[in-house]
Each structure stands twice: as C-alpha cells, then as structure tokens.
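Colleague: Got a predicted structure here, sequence first:
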Amino acid sequence: MRQRNRGRATLAAVAAMCAVAALPGQAYAAGEPAPYTFDPEARTVRGAEVSTDASALTPGSVYKSSIKPGEKLYYRLDLDADTNAYVSAVAVPKLGGQVAYGDGITVSIRDSTDLQCSSEDARFESAEFPRPIAAYAYRVPEKDHTTCNEAGTYNVLVERKDKETSTPEEWDLELRYESEPKLKKSESVPTEAPTNWPSASPSPPTQAAQERPGGTSYYDATSLETGEWDDSIEPGQTRFYQVPVDWGQQIFATVDLGNSVDGSDEYVGSALALSLDNPAHGHVDEASPLSYSGRPASVSLAPLPPVAYENRFASSADASAMRFAGWYYLSVTLSPEVEKAYGKKAIPMTLKVKVENSAGPSPYEGSAGVFGVTQDDKDMARSGQSAPEAAKSDTMKVVAGAGIGAGAVLVLVLGAWTLLARRRAATVTGGPAAVGTAEQPPYGGPPQAW
C-alpha cells in the first residue's frame with residue numbers, strides 16, 4: 001500500500017511539473033509594449049456571418065476569435081428557461097494601428113426571433129489609441145417580461161464599427177461565457193436598485209507604496225488589495241490589475257502619473273486611460289482621459305455603489321454593472337503619442353486602491369464561482385500574484401509534497417517519453433525491429449526543459 005501511494009504521488013508530481021512547464025510566459029522584445037496575453041485555455045472559434053451556422057458556446061469557457069472591419073458575427077447559446085447567462089467580448093486591436101472616435105464593438109444577446117435581450121458597446125472615445133476594450137451582454141429571465149424567458153437557442157452577436165481613417169486590420173476577440181449561480185431558495189432580494197450610497201472619496205491608504213508591476217491582460221492581471229502600488233508604463237502599453245470586491249464592498253481607484261525627467265513640457269491630450277470592468281468582464285466605468293505635460297498628474301474613477309445583487313435594476317449602466325462580487329479589473333493605458341514628446345522610456349505611476357466596508361453574505365446557493373471572493377482570492381491580493389503565478393505556486397507545493405526534486409521529476413518525464421516513443425513505433429510497424437529505426441517522436445517531441 002505504501003509503495004502504491006508513493007507511485008501515485010510521483011505521478012501527481014510528474015503531472016504537476018509538466019503543468020508548470022506549460023505555463024505561459026510574458027516574453028517580448030525589450031523596449032516594446034507587451035502584447036495581450038490570451039488565456040491559454042481559450043479555444044479557437046470562428047464567428048458566423050449567418051446565425052444558423054453559429055458555433056455553440058458552453059458555460060465557464062473561454063474562446064479566441066477575430067473580427068474584421070464592419071463584420072457582424074454570430075455565436076450560439078443553448079439556454080434553459082432559468083439561467084442568467086453572461087457573454088463578454090474583449091476586442092484587441094493590433095499595436096501600432098490607428099483607431100478613431102466611435103470605433104469599437106457592440107455585443108448583444110438575441111432570441112431566435114432576433115429580439116434583443118441586452119447589449120453593450122465598447123467604443124474608443126477621446127482616448128483615440130489602440131488598447132483592449134471589453135463589453136458584455138446578458139440574458140436574465142424576468143417574470144413580468146415575455147422576451148428572452150423561454151428555453152431554446154439564443155444568438156450572441158458581435159458587431160464592429162470603424163471609421164475610414166482607422167487601420168483596416170482584424171481585431172482579435174476573447175470571448176467568455178459565464179452562468180450566474182442560483183439564488184438561495186430562502187433568499188429575498190429587493191427588486192429596486194439603491195438610490196443612495198457613499199460618494200465621498202475615502203482617505204488614502206496609510207502604508208508606504210509597494211512595487212507591483214501590472215499584467216498584460218485579464219488572464220495575467222496582477223492582484224491588488226487596498227494600498228498604494230508603484231509601477232511604470234511605456235507609451236502604447238496597457239497594464240492590468242485585479243481587485244477582489246465582495247458583497248457590500250465599494251471600490252475606489254486613482255492613478256498618479258509621475259513627471260518626466262527630461263525637462264520637456266509638451267502637452268499631450270488624452271494621454272492616459274483608466275478603466276474598470278466587472279467579474280464577467282463587463283465594462284463598468286472609465287475615468288476622463290488624463291492629459292500630460294511632463295508634470296505630475298492624477299485621475300480617479302467616479303464613486304460607484306457598493307456591490308449588491310439589486311444593482312442590476314439600476315437605470316445607469318455603471319451602477320448596474322456592480323451586480324456581483326468577485327475580481328474587478330483595472331486597466332491603465334498610456335497613449336503611444338507620449339513617445340513623440342517624451343521618448344520610449346517608461347513613466348513612473350502609482351495606483352491607489354481602496355476597498356471600503358466589511359464583506360456581506362453571498363445571495364447564491366452553493367459555490368459562487370467567479371461571482372464571489374474566496375480566501376484564496378484574498379491571499380492572492382495580499383501577495384500580489386497573478387492567476388498563473390498562483391497556479392504555479394500551488395503546483396510546486398504538490399511537487400514538494402510528493403517528496404521528490406525537480407531533477408528527479410525531469411528524469412521520470414524524459415524516461416516516460418522515451419518509453420512511449422518506443423512503444424508507439426513498435427505498434428505502428430507491427431514489430432520490435434522498428435523500435436530502433438523510429439524517427440518520429442510521439443506527440444511533437446520531448447517536453448521542453450524548464
């Protein structure tokens with residue numbers, strides 16, 4: 001029994017080390033803004049121009065797609081009569097391209113008769129420079145409505161709009177489909193949104209600022225908690241951060257951009273954009289674009305209501321988007337125009353985050369999934385880990401718990417690969433004579449060194 005358990009631990013460690021090796025990195029050329037890092041679990045899906053040809057999306061999944069200028073693309077949902085479904089689209093224009101005021105995407109969910117359940121736009125406005133932008137749509141059945149309440153086939157429609165002056169290139173899309181958990185059977189929530197909430201900016205954090213470099217996407221966003229966090233940002237770059245915000249909690253965020261040290265005072269309008277998105281990657285709000293003239297500058301998000309289930313009944317889109325707990329995403333982009341006046345060198349910035357109020361109970365039955373805050377989430381925010389970093393840390397704990405070293409695991413993996421190569425060659429040719437002559441390694445070759 002002891003020998004069998006040791007074997008199981010070794011196999012678990014082998015799998016864990018392979019998982020570590022497979023984690024994506026953030027390799028990019030020195031001095032270049034980091035590209036958007038897509039979720040490695042995203043499955044490629046092609047949008048259909050005809051609704052009846054649309055591919056089905058499944059709950060809890062991430063997809064990678066693309067959209068050309070002026071295209072209207074369909075994706076399919078198969079829904080029951082009760083599920084609250086949320087589908088988001090992150091549009092990622094290529095770095096170095098040109099966008100214009102009003103360019104962007106519209107995401108909508110429609111029933112089989114093309115009646116719209118909901119829609120949201122993600123547009124470039126006065127901050128006319130390429131960066132990831134997100135929007136979501138949802139189907140939430142309501143008792144007093146006749147639209148979008150039935151079980152059946154629904155369509156997700158993603159539409160792109162561009163000006164003639166914009167770069168006519170494909171934009172990548174990252175699609176997510178999440179289902180909201182069921183409410184507790186005994187749960188009775190208000191059906192009207194709150195009308196008043198604290199709107200005064202809170203006092204700033206008291207602890208000294210710490211360094212926390214941001215990520216390149218929602219997938220590898222750097223986790224933050226209440227505090228002041230130092231970073232730097234290059235022209236054209238977008239930095240991503242995630243903050244756990246629980247039920248009843250309120251988030252405030254400010255970006256302070258440092259001064260230039262080269263003595264230049266050239267004015268750059270709409271130099272920096274600060275945006276907030278919710279756990280379903282639906283857009284919540286953005287600050288007015290910050291202008292820059294080489295001196296310290298600051299911009300803040302407007303006060304938003306505390307997270308509450310009943311916020312969904314609010315008439316304003318920003319308040320309505322504060323409808324569930326979970327990771328809220330902050331993104332900061334510095335205009336590529338800054339390079340013309342101040343060069344490629346990164347400019348220092350400080351991100352001030354404040355999460356107010358004690359956490360309240362979840363209204364959901366069972367696990368809340370992405371629509372909740374766990375102790376692990378709080379630990380990530382405290383340590384500053386991204387999701388892939390946390391996964392790597394957990395994996396190494398498995399390896400350490402197995403009681404074997406990384407070198408031993410590598411020997412085991414390579415040995416298993418060699419054995420598999422020989423068996424596969426023998427199977428293909430029908431005899432052992434071919435073992436020594438097989439040239440094709442199994443499944444693309446041996447694992448890469450880590």
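Modeller: Thanks, I have the structure now.
Colleague: residues contacting the nearest residue to V99 once chain neighbours are set aside?
Modeller: Once flanking residues are discounted, V99 sits nearest to F124: 4.8 Å by C-beta to C-beta, 6 or more residues apart in numbering. Backbone N, C-alpha and C define where each C-beta goes, glycine included. Neighbour list for F124: V99, A100, Y101, G102, D103, G104, I133 [criterion: C-beta atoms under 8 Å, 6 or more residues apart in numbering].
Colleague: go with 6 Å
Modeller: V99, D103, G104 (C-beta atoms under 6 Å, 6 or more residues apart in numbering).
Colleague: Same check on D285?
Modeller: Taking C-beta under 6 Å, 6+ apart as the test, what D285 contacts is L276, L301, D318.
Colleague: hang on, the last one in a strand?
Modeller: No. The assignment for D318 by DSSP: H, G, I helix; E, B strand; the rest coil gives helix, which leaves it out of any strand.
Colleague: Reduced to three states, what does the nearest residue to it once chain neighbours are set aside come out as?
Modeller: Of all residues not flanking D318 in the chain, D285 sits nearest, at 4.4 Å (C-beta to C-beta, 6+ apart). Following three-state DSSP, we place D285 in the strand state.
Colleague: If D285 is in a bridge, with which residues?
Modeller: Note on D285: beta-bridge partners by DSSP bridges are L276.
Colleague: how far away is it from V99?
Modeller: 20 Å (C-beta to C-beta, to the nearest Å).
Colleague: And A42, by the same measure?
Modeller: Counting by C-beta to C-beta - A42 and V99 are separated by 23 Å.
Colleague: out of these two, which sits in the busier spot?
Modeller: Between A42 and V99, counted using other C-beta atoms under 10 Å, the more crowded position is V99 (22 against 17).
Colleague: for the more buried one, what are its contacts?
Modeller: Taking C-beta under 6 Å, 6+ apart as the criterion, V99 is in contact with F124, E128, P130, S166.
Colleague: Go again with 8 Å.
Modeller: P93, F124, E128, F129, P130, D162, S166, T167.
Colleague: Report the secondary structure state of it.
Modeller: coil.
Colleague: swap in the one 3 residues further on?
Modeller: Look at G102: counting by three-state DSSP, its state is coil.
Colleague: tell me the SS of the closest residue to I67 other than its chain neighbours?
Modeller: In space, and not counting its chain neighbours, I67 is closest to R160: 4.9 Å by C-beta to C-beta, 6+ apart. Under three-state DSSP, R160 falls in the strand class.
Colleague: What is the neighbour count of R160?
Modeller: Residues lying near R160 (other C-beta under 10 Å) number 20.
Colleague: Same question for the one 5 residues further on.
Modeller: Neighbour count of T165, defined by other C-beta under 10 Å: 11.
Colleague: if I've got this straight, A391 is in a strand?
Modeller: No. Going by three-state DSSP, the assignment for A391 is helix, not a strand.
Colleague: gap between it and P244?
Modeller: Distance of A391 to P244, given as C-beta to C-beta: 17 Å.
Colleague: How about P181?
Modeller: 17 Å.
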